[in-house]
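> no sequence on this one, just coordinates:
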């Protein structure tokens, strides 16, 4: 796990944390590895970093298994990204109201009707693993 840097590549077993000063786009996908691009463009989202920007770019770029997850947080960021991932055939999860410290983002994601599974925080990792093993839509 490391902070996202412009041009970073990641694959299985790796994770990036969004840089607090920019949006993270998935710019390419090949051989199971992603490349990210950092940008100052807010894309009209009103927040930066925006998980919608990352999820929407992933939905447009990734051709392999894709899972979108929205965890605790305020506002509606993540809802559009969840819809994009669902439309692209990916699986989607949201944190339950019972375990979310702030149920804003997961609630808005669930309200889209595009969330496949809602789980308490301690079940999210298992949900991701199950979603990856499922047949694509």
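That came through, no problem. All of these numbers come straight from a predicted model, not from anything done at the bench.
> Could you report the pLDDT at residue 32?
As predicted, residue 32 sits at a pLDDT of 90.
> what's the burial count for it?
11 (other C-beta atoms under 10 Å). C-beta: built from backbone N, CA, C; applies to glycine.
> Distance check, it against residue 76.
Per C-beta to C-beta, to the nearest Å, residue 32 is found 31 Å from residue 76.
> May I have the residues that are in contact with the closest residue in space to residue 66 that isn't next to it in sequence?
Nearest residue to residue 66 in three dimensions, chain neighbours excluded: residue 90, at 3.4 Å (C-beta to C-beta, 6 or more residues apart in numbering). Counting by C-beta atoms under 8 Å, 6 or more residues apart in numbering, residue 90 makes contact with 59, 62, 65-68.
> so which helix or strand takes in the residue nearest to the spatial centre of the chain?
For the chain, the residue nearest the mean C-alpha position is residue 68 (4.1 Å; C-alpha atoms, centre = their mean). Take DSSP states H and E as the rule and residue 68 turns out to sit in strand 67-70.
> Also residue 83?
Per DSSP H and E: helix 79-87 holds residue 83.
> For that helix, which helices and strands make contact with it?
With contacts taken as 3 or more C-beta pairs under 8 Å, 6 or more residues apart in numbering; DSSP states H and E, helix 79-87 sits against helix 51-61, strand 67-70, strand 91-95, helix 104-111.
> For these, could you give me TSV that also reports mean pLDDT and distance to residue 127?
What follows is the helices and strands packed on helix 79-87, written out as TSV (pLDDT from 0 to 100; distance: least, C-beta to C-beta, whole Å):
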stretch	mean pLDDT	distance to residue 127
helix 51-61	98	16
strand 67-70	97	8
strand 91-95	98	5
helix 104-111	98	13
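> so which of those comes closest to residue 24?
With C-beta to C-beta as the measure, helix 51-61 is the member of the helices and strands packed on helix 79-87 nearest residue 24 (4.9 Å).
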